[in-house]
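Chemist: can't give you the sequence, but here's the structure:
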């Protein structure tokens, strides 16, 4: 069975993830997870946390739909061991971008697939190194005032105006956008070998 023939249920309202799935021709519907990320206490390394949260989101939707292949994802930015999710306000976004200026950080996305009928699941993660050039305060505030920083892990969007800050990356580009497509392909192929949906 072709892995692209699976109809996914995307457990996310992220327009970036929606666009990435459309780009590769996936058939899917969107049922956002109701998991409150701020209320979940996670332990372990950043990649384990994001993988666990992606699985929690996918399982939340799987329990509600009872049937189908559910895709959950969670993206974070990590610098000096500190995790940056989405900024809570403009000042928070400024602090994030200021700390990323002129430095390397990592973008980590946890990805989970859950078969709602059987409960069988796979969870993995992708990690990409992103190098920012130096950005001054005027550039940071101009970016924040554009509205693009809000709702993005690390307060920037590499597929938007945030690309102006990125000197180079080492790793998967779509991971930085919010969904590592090559990793998803590998996971879908594993699912197809397990059973047909």
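Modeler: Yep, that arrived. Owing to the predicted nature of the structure, the values given are computational and were not obtained by experimental measurement.

Chemist: just checking, residue 73 is part of a strand?
Modeler: Yes: under DSSP: H, G, I helix; E, B strand; the rest coil, residue 73 falls within a strand.

Chemist: from residue 87, how far out is it?
Modeler: Distance of residue 73 to residue 87, computed by CB to CB, to the nearest Å: 19 Å. Every residue, glycine included, has its C-beta placed from N, CA and C.

Chemist: and residue 115, bridged to which residues?
Modeler: Applying DSSP bridges to residue 115 yields these beta-bridge partners: residue 69.

Chemist: which stretches of the protein have low pLDDT?
Modeler: Filtered on pLDDT under 70, the chain yields the residue ranges 1-6, 38-42, 194-197.

Chemist: strands of that one, start to end?
Modeler: Assigned strands in the chain, in chain order: 7-10, 27-30, 69-79, 82-84, 104-115, 121-132, 166-170 (criterion: DSSP state E).

Chemist: packing partners of the shortest one?
Modeler: Secondary-structure packing of strand 82-84 (3 or more CB pairs under 8 Å, 6 or more residues apart in numbering; DSSP states H and E): strand 69-79.

Chemist: max-length helix in the protein?
Modeler: In the chain, assigned by DSSP state H, the helix with the most residues is helix 46-65.
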